[in-house]
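missing the sequence, but the structure's below:
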DNA sequence: CGTCTATCTTAGCGCTGTTCAAATAACAGA
DNA sequence: TCTGTTATTTGAACAGCGCTAAGATAGACG
């Protein structure tokens, strides 16, 4: 068997003492994890379109049918990829929030961090949004991460002076934040703006320039 | 031949007196047009993912290979679909611009019209953006329409009081407008916000509430 | 009328997502 | 340690996809 050669991984008994997290790694060790990692690798390398289930299986060194015992669908695998993405985004958010900046600036820098994330992981970012958009029946764990990032924006807004009592206003402001950042994230890749970026002296200046038109980014919160 | 039965269309000689626009309609009448229309129909009906070239050919009543004499690629057909979309959007913009509203409100209403378009034609809207995003080598006619819509936003901003001399500022404001509207367009489909929409008394109120956080939408232009 | 060219078809390649029965590896209990 | 059960993986197969190549056909043009 080719397989025993590939699997230079811990056996079940060995795994149990290191990390007994997931149900049970069998033949492969932890194929589910391996598949997600391979998928992320392929998506980031060649774009979401190039990520076929068969290619992922190939990358992981298993047969084309193997993934179907860990994901009912291709879309379920993509959900897992998106999940990974939301976790990375949340990490970027934490870093931005903890940076040494005044609360109002912190709001804007959160926006910049968001857009920067989208630019650093464009394909992953696209998968994240396609997953969120396509399904009314969004899987719980994706929704969870998405809401966690959403809440983080809201928290920064509050710390920047938003009134937590004005629930509706706060909600609208958070959405406006997110909309502007998401919109900007999808636009920055357009070559059209290269000249403008140069004129402003770099990409960050461009981002800040656009975001400063959004009230909450520009001057904290006052409705 | 099945074919002669399907073709109850003007022959070449008949066409020449009505509209001699495109190179030459041969066997089918004007297959190129028929394919684009079929494609738009399929996209709007079943989403962009369901639009296969073969399905389009089937819908138009021709063989799977026929489209390749009018489009070198599937992506080229999608470009044509996107083109159709940008034209529709531009039409919606004209209507919004000509409505009886004060210039500052006109800016916001342009945003609302944009988002409404995206909600009315969600699949078409997605095709439009996927086309714009995917290619650095965006086909000229798509880019053209895109820029026409972009310019329309800028014009409304000027008519609302923006300083045409401040080119950079105007550009940034236009982009901010577009970003917020595009971001909002992609978010409104999220079920998450249904409660909030209800609380605000409808979708339009929700849209205006979010857009009012963007400086240019809220109060015309002052930088 | 014959020739020519654009248009369309038929057939086929390799790829995809997905299903199914059969094989295999790990575990549980004797 | 052997046995049966179950989770995991494979191999083969299906329909559908984008796309190509070669041949048929219909209209345009001399």
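Yep, that arrived. All of these numbers come straight from a predicted model, not from anything done at the bench. Numbering: from 1, shown residues only, chains lettered A, B, ... in the order given.

touching, residue A:79 and residue A:128? I think so.
No: if you go by CB atoms under 8 Å, residue A:79 and residue A:128 don't touch, sitting 9.9 Å apart. Where C-beta positions appear, they are placed from N, C-alpha and C, glycine not excepted.

residue boundaries of the helices in chain A?
Along chain A, the segments classed as helices by DSSP state H run A:2-6, A:12-18, A:31-46, A:53-60, A:74-98, A:103-120, A:122-134, A:140-159, A:167-187, A:194-200, A:203-211, A:215-219.

for chain B, find the nearest of the ones you listed.
The closest of the helices of chain A to chain B is helix A:167-187. By CB to the nearest CB, the value is 3.2 Å.

now for the closest one, which elements pack on it?
Applying 3 or more CB pairs under 8 Å, 6 or more residues apart in numbering or on different chains; DSSP states H and E, one finds that helix A:167-187 contacts helix A:103-120, helix A:140-159, helix A:203-211, helix A:215-219, helix B:167-187, helix B:194-200, helix B:203-211.

state the mean pLDDT of that helix.
In this model, helix A:167-187 has a mean pLDDT of 91.

circling back to that earlier point, who wins for proximity to DNA strand D among the helices and strands packed on helix A:167-187?
Minimum separation from DNA strand D across the helices and strands packed on helix A:167-187 (CB to the nearest atom of the strand) falls at helix A:140-159, 18.3 Å.

got the buried residues for the closest one?
Using 16 or more other CB atoms under 10 Å in any protein chain shown as the test for burial, helix A:140-159 gives A:142-143, A:145-146, A:149-150, A:152-158.

so where's chain A shaky on pLDDT?
Residues of chain A that meet the criterion pLDDT under 70 lie in A:1-28, A:134-139, A:215-223.

okay, now the domains of it?
A:2-69, A:74-219 (automatic domain parsing).

touching DNA strand D at all, the last one?
It refers to domain A:74-219. No: using CB under 7 Å from any atom of the strand, domain A:74-219 never reaches DNA strand D; the gap is at least 13.0 Å.

returning to what we had before: now tabulate the helices of chain A in CSV and tack on distance to residue B:106.
Formatted as CSV, the helices of chain A follow (distance: least, CB to CB, whole Å):
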stretch, distance to residue B:106
helix A:2-6, 64
helix A:12-18, 64
helix A:31-46, 42
helix A:53-60, 49
helix A:74-98, 36
helix A:103-120, 27
helix A:122-134, 29
helix A:140-159, 29
helix A:167-187, 20
helix A:194-200, 25
helix A:203-211, 21
helix A:215-219, 19
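
for these, which one sits closest to DNA strand C?
Closest among the helices of chain A, once you apply CB to the nearest atom of the strand, is helix A:12-18, at 2.6 Å.

residue A:173 touches residue A:157, doesn't it?
Yes: here residue A:173 reaches residue A:157: they are 5.8 Å apart, a contact under CB under 8 Å.

so residue A:125 touches residue A:88, yeah?
No: applying CB under 8 Å, one finds residue A:125 not in contact with residue A:88, separated by 9.7 Å.

what residues are shared contacts of these two?
residue A:117 (CB atoms under 8 Å, 6 or more residues apart in numbering or on different chains).

who has more neighbours out of the two?
residue A:125 (23 against 18; other CB atoms under 10 Å in any protein chain shown).

need the contact list for that one.
Per CB under 8 Å, 6+ apart, neighbours of residue A:125: A:85, A:117, A:118, A:185.

do that again at 6 Å, thanks
Residue A:125 makes contact with residue A:118 under the criterion CB atoms under 6 Å, 6 or more residues apart in numbering or on different chains.

quick one: it and DNA strand D, what's the gap?
Distance of residue A:125 to DNA strand D, given as CB to the nearest atom of the strand, to the nearest Å: 24 Å.

hang on, residue A:179 packs against residue B:183?
Yes: counting by CB atoms under 6 Å, residue B:183 is a contact partner of residue A:179 at 3.2 Å.

quick one: neighbours of residue A:186, just the number.
If we define neighbours as other CB under 10 Å, then residue A:186 has 23 of them.

swap in the one 3 residues further on?
With neighbours defined by other CB under 10 Å, the count for residue A:189 comes to 15.

how much space separates it from residue B:133?
6 Å (CB to CB, to the nearest Å).

go on, residue A:70?
Distance from residue A:70 to residue B:133, by CB to CB: 31 Å.

those two: which has the busier surroundings?
Per other CB under 10 Å, whichever of residue A:70 and residue B:133 has more neighbours is residue A:70, with 17 against 14.

which one of residue A:79 and residue A:128 has more residues nearby?
residue A:128 (27 against 23).

which parts of stretch A:65-72 are buried?
A:66, A:67, A:70, A:71.
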